[in-house]
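1. just a sequence and a predicted model for now, questions to come.
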Amino acid sequence: MYLFPAIDLRSGQVVRLLKGEYAEQTTYGDDPLAQAKVFADAGATWLHVVDLDGARSGKPEHLQVIEKICQLTGLRVEVGGGIRNQDTIRQYIEAGVNRVILGTAALQNWDWFDELAHTPTLANKLVLGLDARKGKLAIAGWEQQLELTALEVAQRVSDWPLAAIVFTDIATDGTLAGPNVESTREIAEATKIPVVSSGGVGNLDHLRVLRDLPIQGAIVGRALYEGTMTIDQALDVLERGA
């Protein structure tokens with residue numbers, strides 16, 4: 001399993017939101033590149049980046065800093081937030097991003113996403129972001145609710161050449177209260193696509209529980225910034241089997 005340290009970007013700052021609420025923001029720094037270097041120097045190999053401004057505006061708002069992170073840290077980077085068209089995907093890949101996360105655009109324009117996902121040059125470069133509140137999917141910066149469930153969509157793409165599914169349980173995101181283990185397990189067992197868990201990790205015991213699931217990795221944000229675990233400790237649990 002892989003550790004995916006998280007950097008959420010808003011107005012050029014490193015932030016975390018509580019349950020996706022833009023009004024519930026905690027700011028942890030104003031230098032995303034420096035933060036990414038801290039994660040890399042501590043041994044992380046992956047980085048999960050979310051452009052929160054982009055999620056609202058529908059276009060990339062932090063492309064330059066993300067490009068610098070890709071070029072100067074050696075981290076494998078996946079990016080989500082505001083990716084609504086193929087041109088933006090191309091920009092991110094040319095910037096050095098390894099995986100591009102599509103959520104809102106995929107769910108609002110399914111035929112387009114289907115065609116995109118089956119484009120040979122994009123095989124295993126696209127990640128489907130499924131963000132759920134009480135099982136139902138939310139889009140557009142989590143401000144619009146759909147009737148579709150994350151489980152339904154995960155099953156639908158089971159045999160697609162996607163790099164991963166990032167499943168976020170909105171109710172636990174940023175709370176440190178623990179991940180939604182049951183839903184994460186259910187989705188992971190329902191699809192052949194590798195699943196990455198997001199939301200709620202607050203301590204090493206939470207990671208140990210996730211380690212027992214059939215998933216690719218776990219995204220950790222606030223716990224690292226608040227100091228309830230270090231990168232090294234998290235790597236011990238997820239990647240070194242401690």
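-> On my side now, so go ahead.
2. tell me, how many residues neighbour residue 11?
-> If you count neighbours by other CB atoms under 10 Å, residue 11 ends up with 12. Just so you know, the C-beta spots here come from the backbone N, C-alpha and C atoms, and that holds for glycine as well.
3. residue 140 versus that one, what's the distance?
-> Distance of residue 11 to residue 140, given as CB to CB, to the nearest Å: 19 Å.
4. do residue 106 as well
-> Per CB to CB, residue 106 is found 12 Å from residue 140.
5. now do the helices in the protein.
-> Ranges of helices within the chain are 32-41, 52-57, 63-73, 86-95, 104-108, 110-117, 150-156, 181-190, 204-211, 222-226, 231-238, based on DSSP state H.
6. reformat these as a markdown table; add distance to residue 126, mean neighbour count and mean pLDDT.
-> Below are the helices of the chain laid out as a markdown table (distance: least, CB to CB, whole Å; neighbours: other CB atoms under 10 Å; pLDDT from 0 to 100):
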| stretch | distance to residue 126 | mean neighbour count | mean pLDDT |
| --- | --- | --- | --- |
| helix 32-41 | 22 | 18 | 98 |
| helix 52-57 | 17 | 20 | 88 |
| helix 63-73 | 17 | 18 | 97 |
| helix 86-95 | 8 | 17 | 96 |
| helix 104-108 | 9 | 21 | 92 |
| helix 110-117 | 6 | 14 | 97 |
| helix 150-156 | 14 | 18 | 96 |
| helix 181-190 | 17 | 18 | 96 |
| helix 204-211 | 23 | 18 | 97 |
| helix 222-226 | 26 | 20 | 95 |
| helix 231-238 | 23 | 19 | 97 |
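7. tell me which of these sits nearest to residue 2.
-> Closest of those to residue 2 is helix 231-238, at 6.7 Å (criterion: CB to CB).
8. in CSV, list the helices of the chain along with distance to residue 15.
-> Output for the helices of the chain, formatted as CSV (distance: least, CB to CB, whole Å):
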stretch, distance to residue 15
helix 32-41, 10
helix 52-57, 7
helix 63-73, 13
helix 86-95, 20
helix 104-108, 20
helix 110-117, 28
helix 150-156, 25
helix 181-190, 24
helix 204-211, 21
helix 222-226, 10
helix 231-238, 19
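9. quick check: residue 79 touching residue 101?
-> Yes. Using CB atoms under 8 Å, residue 79 is in contact with residue 101, at 6.4 Å.
10. which of these two has more residues huddled nearby?
-> Legend: neighbour count by other CB under 10 Å for residue 79 and residue 101, higher for residue 79 (31 against 24).
11. check what pLDDT the more buried one gets.
-> For residue 79, the pLDDT comes out at 98.
12. now residue 146: how far from residue 105?
-> Distance, residue 146 to residue 105, by CB to CB: 13 Å.
13. what do you get for residue 85?
-> Residue 85 sits at a distance of 7 Å from residue 105 (criterion: CB to CB).
14. go on, residue 225?
-> Distance, residue 225 to residue 105, using CB to CB: 29 Å.
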